[in-house]
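# Can you look at this prediction? I've put the sequence above it.
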Amino acid sequence: MRSAYVIAVCGMLLGVHVSTAADIKKSDVYRRIKLKIDAVRAIDTHDHLRAFNKMPDRVDTPDGRGMNLYSIWAHSYLTRTTKITPWPQDRSFATWWKSAKHDFRDARATSFYRYLLPAFRDLYGVDFDSINDDDAKRLNQRIFANYQNDRWLLDVIIKRANIELMFIDPYWNRLQFARDYQFAVPVFNVTTILSASHPGRTPSSRDSPYVFAERRNLPTGSFSEFLEVIEVLFQEARAADCICLKSTQAYLRTLDYQVVDVKDAEAVYGRSPEEVTEAEQKQFEDFMFWHLCRLSAKYELPFQIHTGDARVQGSNPMLLVDVIEANPDTKFILFHGGYPWVGETGAIAMKHKNVWIDSCWLPTLSYTMAKRAYQEWLDAVPADRIMWGADTVDAEGIYGATELTRQCIAEALSEKVEKGEITEDYAYQIGRQIMRENALKLFPRLNRMLWR
Ligand SMILES: [Zn+2]
């Protein structure tokens, strides 16, 4: 603190520009690194973008049904901490904004709010922090007009966010492997398979391995037949160009997966949920998780696992270490940097060569922790083990999260360059690796999906 002050004072006395720790983003080194990172045609390893006509965020307005400013905020991560005024009965923007403009009062410092600001700034020329009523009205109209067809969405993702490929985790329809966009890479979301001890356990027919089996005329009477059905699903996922597995069980239960004998899982299989204790169901799921780790290796589908913030209790990635160690041929990808356990995530990746870190969503959760995490991970693990993803649902969210991530990585790297920890050229290399090359290396099949 004291030495920074002395340097700043000396700089003022000498009348020269002194780069202090105040804001590295104003430095030339940051500007150069950021430009290089912006130029990388990104591979976004995690998003939830639906087919254009199935985007669920539209509301009824006097001009018809469509997306607007309400849609963007109501489907943003801000709703996790802050209540957004519901769309009013009279369907009028003026009614909504009169109340909604106060919704942001306590949120303006949060990353859940700030990740959308680059979208308003760069795509619409609007500073949302100081927006007035007239500008808000115009912004709303422009968003509505932009979503009359899919051109805006494609333009923002491909040209403005500069994304070449995007992994799409279809949690609304898990067992279909469609590619709705040229840039879309399908992901096989196995969350509902893990808990499917009985047809009554699967929330919807779209997510049910039993409905899948019926369609294929495959029996599910015994546990071994059920496991056969899961193999067929894996074969179809591979054939449909699925690139990896994804589990979001951290939202539902602990990540503590014990070794369970097949007989104990079989004893739970087929029994109705009312007859099964929580402990028995956990045994079934634990067995299935280990089983899917084996299939992940067999079918060369790396396993993306949601770790960190979800339920928080039971979502520490340290709980996965025994499974990781016992399955050296399975490639584990720890999602969200394990937030808030970013240091633990780095330690796991340092110790285990079959672990990658995906920083998707992390800058949106906490920009400050994300910057620290990139720096700590680069201290601890090789530069080819870190990836990123926007993890959002519409053009504005994807642009905002992507821009925030590029900024965060550039800021983390510039500080390392300024401190003499890495060269500037090496910072450019790391930027390319995190934004693109690491994904191509971990998922070699992506190379034949490149299209730009
Ligand atoms: Zn996600």
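The structure has been received and is ready for your questions.
# Name the nearest residue to residue 41, ignoring sequence neighbours.
Spatially, and ignoring its direct neighbours in sequence, residue 41 is nearest to residue 164 (4.2 Å; CB to CB, 6 or more residues apart in numbering). (C-beta placed from N, C-alpha, C; glycine too.)
# count of residues packed around the residue lying closest to residue 256 once chain neighbours are set aside?
Of all residues not flanking residue 256 in the chain, residue 319 sits nearest, at 4.6 Å (CB to CB, 6+ apart). Neighbourhood size, residue 319 [other CB atoms under 10 Å]: 15.
# does the residue nearest to residue 41 really touch residue 157, like I thought?
No. The criterion here is CB atoms under 8 Å, and residue 164 misses it with residue 157 at 9.8 Å.
# Touching both of the two, which residues are there?
Here residue 164 and residue 157 share the contacting residues residue 183, scored by CB atoms under 8 Å, 6 or more residues apart in numbering.
# Tell me which residue is most central in the protein.
residue 391 (3.3 Å; CA atoms, centre = their mean).
# So which elements touch the host helix or strand of residue 286?
For residue 286, the element it lies in under DSSP states H and E is helix 278-298. Using 3 or more CB pairs under 8 Å, 6 or more residues apart in numbering; DSSP states H and E as the contact test, the elements touching helix 278-298 are helix 191-194, helix 223-239, strand 245-247, helix 262-268, strand 303-305, helix 321-326.
# What's the mean pLDDT across the last one?
Same thing as helix 321-326. Averaged across helix 321-326, pLDDT comes to 98.
# try the second one
Helix 223-239 shows a mean pLDDT of 97 in the predicted model.
# burial count for residue 387?
Per other CB under 10 Å, the neighbour tally for residue 387 reads 28.
# Quick check, it in contact with residue 440.
No. Checked against CB under 8 Å, the pair residue 387 and residue 440 is beyond contact range at 10.3 Å.
# Need the overlap of contacts for the two.
Common neighbours of residue 387 and residue 440, counting by CB under 8 Å, 6+ apart, are residue 43.
# excluding its backbone neighbours, what's nearest residue 80?
Leaving aside its sequence neighbours, residue 80 sits nearest to residue 112 (CB to CB, 6+ apart; 6.2 Å).
# isn't there a helix covering the residue nearest to residue 41?
No. Looking at residue 164 with DSSP: H, G, I helix; E, B strand; the rest coil, it is strand, so not inside a helix.
# got the angle between the helix holding residue 286 and helix 223-239?
Here helix 278-298 runs at 40 degrees with respect to helix 223-239, directions being taken by axes from the mean of the first three to the mean of the last three CA atoms, to 10 degrees.
# who touches helix 278-298?
Applying CB under 8 Å, 6+ apart, the set of residues contacting helix 278-298 from outside is 190, 193-197, 227, 230-231, 234, 245, 247, 249, 253, 257-262, 264-265, 267-269, 273, 276, 301-303, 323, 326-327, 329-331.
# and the residue nearest to residue 80, what are its phi and psi?
Dihedral pair for residue 112: phi -60, psi -30, per degrees, to the nearest 10.
# what sits against it?
If you count contacts by CB under 8 Å, 6+ apart, residue 112 has them with 76-78, 80-82, 364-365.
# Okay, the residue nearest to residue 178 when sequence neighbours are not counted and residue 338: tell me how far apart.
Residue nearest to residue 178 in three dimensions, not counting chain neighbours: residue 186, with 6.9 Å by CB to CB, 6+ apart. To residue 338, residue 186 is 25 Å away according to CB to CB, to the nearest Å.
# Give me the more crowded residue out of the two.
More neighbours surround residue 338 than the other of residue 186 and residue 338, with 30 against 20 (other CB under 10 Å).
# where does the chain have low pLDDT?
Within the chain, the segments meeting pLDDT under 70 span 1-21.
# so where do the strands sit in it?
42-47, 59-61, 64-66, 163-168, 184-186, 188-189, 245-247, 303-305, 332-334, 355-358, 386-387 (DSSP state E).
# Can I get these in a markdown table including distance to residue 34?
Listed next are the strands of the chain as a markdown table, based on distance: least, CB to CB, whole Å:
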| stretch | distance to residue 34 |
| --- | --- |
| strand 42-47 | 14 |
| strand 59-61 | 36 |
| strand 64-66 | 34 |
| strand 163-168 | 17 |
| strand 184-186 | 26 |
| strand 188-189 | 34 |
| strand 245-247 | 30 |
| strand 303-305 | 28 |
| strand 332-334 | 26 |
| strand 355-358 | 22 |
| strand 386-387 | 18 |
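# what about those strands, which gets the closest to residue 135?
strand 59-61 (18.4 Å; CB to CB).
# Quick check: buried residues in that closest one?
59, 61 (16 or more other CB atoms under 10 Å).
# Can you name every helix or strand that it contacts?
Helices and strands touching strand 59-61, as assessed by 3+ CB pairs under 8 Å, 6+ apart, are absent.
# Which strands and helices lie in contact with the longest helix along the chain?
As assigned by DSSP state H, the longest helix anywhere in the chain is helix 395-418. Secondary-structure packing of helix 395-418 (3+ CB pairs under 8 Å, 6+ apart): helix 28-38, strand 42-47, helix 117-124, helix 362-365, helix 367-380, helix 424-432.
# Between helix 117-124 and it, find me the angle.
Per the same axes, to 10 degrees, the angle that helix 395-418 makes with helix 117-124 is 110 degrees.
# now helix 395-418 and helix 424-432, what's the angle there?
150 degrees.
# what angle separates helix 395-418 from helix 367-380?
Per the same axes, to 10 degrees, the angle that helix 395-418 makes with helix 367-380 is 50 degrees.
# quick one: buried residues of helix 395-418?
Neighbour counts over helix 395-418 (16+ other CB under 10 Å) mark 395-417 as buried.
# on that earlier part again, if I pick the residue nearest to the centre of the chain, what's in contact with it?
46-48, 360-361, 364, 401.
# Correct me if wrong: the residue nearest to residue 178 contacts residue 245.
No. At 11.3 Å, residue 186 does not count as touching residue 245 under the criterion of CB under 8 Å.
# one step back: select, out of the helices and strands packed on helix 278-298, the one closest to residue 22.
Closest approach to residue 22 among the helices and strands packed on helix 278-298 is made by strand 303-305 (37.5 Å; CB to CB).
# In the sheet, which strands lie alongside the closest one, parallel or antiparallel?
strand 245-247 (parallel), strand 332-334 (parallel) (DSSP bridges).
# right, and the residue nearest to residue 256 touches residue 258 too?
No. Counting by CB under 8 Å, residue 319 stays clear of residue 258, with 10.4 Å between them.
# Pull the number of nearby residues for residue 101.
Residue 101, neighbours per other CB under 10 Å, totals 14.
# Over to residue 114?
Neighbourhood size, residue 114 [other CB under 10 Å]: 19.
# just to revisit the earlier point, need the strands paired with strand 303-305 in a markdown table with distance to residue 140, can you?
Below are the strands paired with strand 303-305 laid out as a markdown table (distance: least, CB to CB, whole Å):
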| stretch | distance to residue 140 |
| --- | --- |
| strand 245-247 | 34 |
| strand 332-334 | 38 |
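# right, and those strands - which one's nearest residue 62?
With distances scored as CB to CB, the stretch of the strands paired with strand 303-305 nearest to residue 62 is strand 245-247 (39.9 Å).
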